[in-house]
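> Provided below for reference: sequence and predicted model.
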Amino acid sequence: MKKGILALIGSGETGPGMTKVHRRLLNSLSETRAVNVNTPYGFQENVDQMTAKVQQYFDTSLQLPLRDLDLRSLEGASPEAQRAFSAAVANATYVFAGPGSPSYALAQWGPLPFRDNLAQVLAQGGVVCFSSAAALTLGAFTPPIYEIYKAGSAPTWLAGLNLTSLLGLNCVVLPHYNNAEGGTYDTSRCYLGERRLRLLEAELPDGVGIFGIDERSAALIDLETREVSVLGKGEVHWRLAGTVEHFAAGTTFSLDDLGATAVALDDIEVDDAPEESALDAVNLLALRARDEALVAALDHARANARAKGLYDIADQIRDALTAFGVTVRDGASA
């Protein structure tokens, strides 16, 4: 079976300039089952609006219905919902994820077989198209951009999904490489700036490179041919051992040019795609509403028990809610 394509987009994933990129990726598929993973921005208050914007872009610009896979938080998803999410990813042929927080996304995906699900998509000829924050998670290491740039945390590395190991690359993926929003101060290198990136670079193990993608640019990595196509407005950059190589838009180069170790993709053990749960989005919403109603009823009963001084019963209900995954905080008794 022909292997798939890993697409890394620096930014502008739903802008007019990326429509040709998405169309090219979609044309590589014999069957299209496209999904959007909302996890990277799952912590934001405008999750539904962001998802609607992505879906509208795919519907209007590409005439493609994009199914939303709702995993805003691991804690907020029941075991059934988690299994349904993993099965839906593994069974998709086009997996898209974009902006948000890479550290948040990794924390939610970590306990799940998400990396294996993505590998399954690629092994079966599908497309994994990640941009911005989502792209940051795919390397061996990930910088927590929000924490460093917004909160002033010391530059450090997190363990990434390391999907790039399927390419034979031991690297960091860095979108927004040529960002210039800072104007008078350096926000390039995905808002880290060159100085901080060099500090982080020095902490990487020997042999780990940095794969940078400029904004409004894309690197399409064909796992079958091991060729990388650079599309869009900018360049792709490869940093390793103090040297930097630049690949302009419109060029194609081999992963071997980066010193990548050839991977025998046919030898990658990938289980048969798990059958997707019969729980579709409507059923999951119904189950969520049922669970919320049950939690509300139990919490009301617990409050009544406390009001009547029946603290043993109230504590039993609290323990049941806690086991169900609901955090219960009792205030001071009246």
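Thanks, I have the structure now.
> and the end-to-end length of stretch 148-162?
With CA to CA, to the nearest Å as the measure, stretch 148-162 spans 21 Å from end to end.
> just so I have it, where are all the strands in this structure?
Assigned by DSSP state E, the strands in the chain fall at 5-9, 34-37, 67-69, 94-97, 127-131, 141-142, 158-159, 171-174, 209-213, 217-222, 227-232, 235-240, 243-248, 252-254.
> Now the last one: buried residues?
When neighbours are counted by 16 or more other CB atoms under 10 Å, the buried residues of strand 252-254 are found to be residue 253. In this view, the C-beta of every residue, glycine as well, is placed from N, C-alpha and C.
> For that strand, give me every contacting residue.
Residues outside strand 252-254 that contact it (CB atoms under 8 Å, 6 or more residues apart in numbering) are 226, 227, 228, 229, 230, 247.
> out of these, who has the most neighbours?
residue 228 (24 neighbours; other CB atoms under 10 Å).
> I'd say that residue and residue 213 touch.
No. With contact defined as CB atoms under 8 Å, residue 228 does not count as touching residue 213 (10.6 Å).
> what's around residue 16, how many residues?
Counted with other CB under 10 Å, residue 16 comes out at 10.
> re earlier: what's the overlap in contacts for residue 228 and residue 213?
219, 236.
> Dump the strands of the chain into a markdown table; add mean pLDDT as well.
As requested, those are exported to a markdown table (pLDDT from 0 to 100):
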| stretch | mean pLDDT |
| --- | --- |
| strand 5-9 | 98 |
| strand 34-37 | 98 |
| strand 67-69 | 97 |
| strand 94-97 | 98 |
| strand 127-131 | 98 |
| strand 141-142 | 98 |
| strand 158-159 | 97 |
| strand 171-174 | 98 |
| strand 209-213 | 98 |
| strand 217-222 | 98 |
| strand 227-232 | 98 |
| strand 235-240 | 97 |
| strand 243-248 | 96 |
| strand 252-254 | 97 |
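> Could you provide the ones you listed in a markdown table, with additional columns for distance to residue 57?
Converted to a markdown table, the strands of the chain look like this (distance: least, CB to CB, whole Å):
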| stretch | distance to residue 57 |
| --- | --- |
| strand 5-9 | 13 |
| strand 34-37 | 10 |
| strand 67-69 | 13 |
| strand 94-97 | 10 |
| strand 127-131 | 12 |
| strand 141-142 | 26 |
| strand 158-159 | 29 |
| strand 171-174 | 23 |
| strand 209-213 | 20 |
| strand 217-222 | 15 |
| strand 227-232 | 16 |
| strand 235-240 | 23 |
| strand 243-248 | 27 |
| strand 252-254 | 27 |
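> Among those, which comes closest to residue 320?
Across those, residue 320 has its closest neighbour in strand 67-69 (29.4 Å, CB to CB).
> Just give the strands next to that closest one in its sheet, each with its orientation.
Taking DSSP bridges as the criterion, strand 67-69 sits next to strand 34-37 (parallel) in its sheet.
> Show me how far the strand it pairs with is from its chain's centre.
A distance of 11 Å separates the centroid of the chain from that of strand 34-37, by CA atoms, centre = their mean, to the nearest Å.
> Can you tell me what sits against it?
Taking CB under 8 Å, 6+ apart as the rule, strand 34-37 contacts 26, 51, 54-55, 58, 64-69, 71, 88-89, 92-97, 134.
> which residues touch the most centrally placed residue in the chain?
By CA atoms, centre = their mean, the chain has its centre lying nearest to residue 134, at 3.7 Å. Residue 134 makes contacts with 37, 40, 97, 98, 99, 100, 102, 105, as judged by CB under 8 Å, 6+ apart.
> how about a cut-off of 6 Å?
40, 97, 98 (CB atoms under 6 Å, 6 or more residues apart in numbering).
> Was I right to think the first one contacts residue 105?
Yes. Using CB atoms under 6 Å, residue 40 makes contact with residue 105 at a distance of 4.2 Å.
> Identify the contacts common to these two.
What both residue 40 and residue 105 touch, as defined by CB under 6 Å, 6+ apart, is an empty set.
> count of residues packed around residue 236?
Counted with other CB under 10 Å, residues neighbouring residue 236 total 27.
> what's across from it in the sheet?
residue 213, residue 247.
> So if we follow the domain assignment, how does the protein break up?
5-267, 281-323 (automatic domain parsing).
> Comparing the ones you listed, which comes out most buried?
domain 5-267 (a mean of 19; mean count of other CB atoms under 10 Å).
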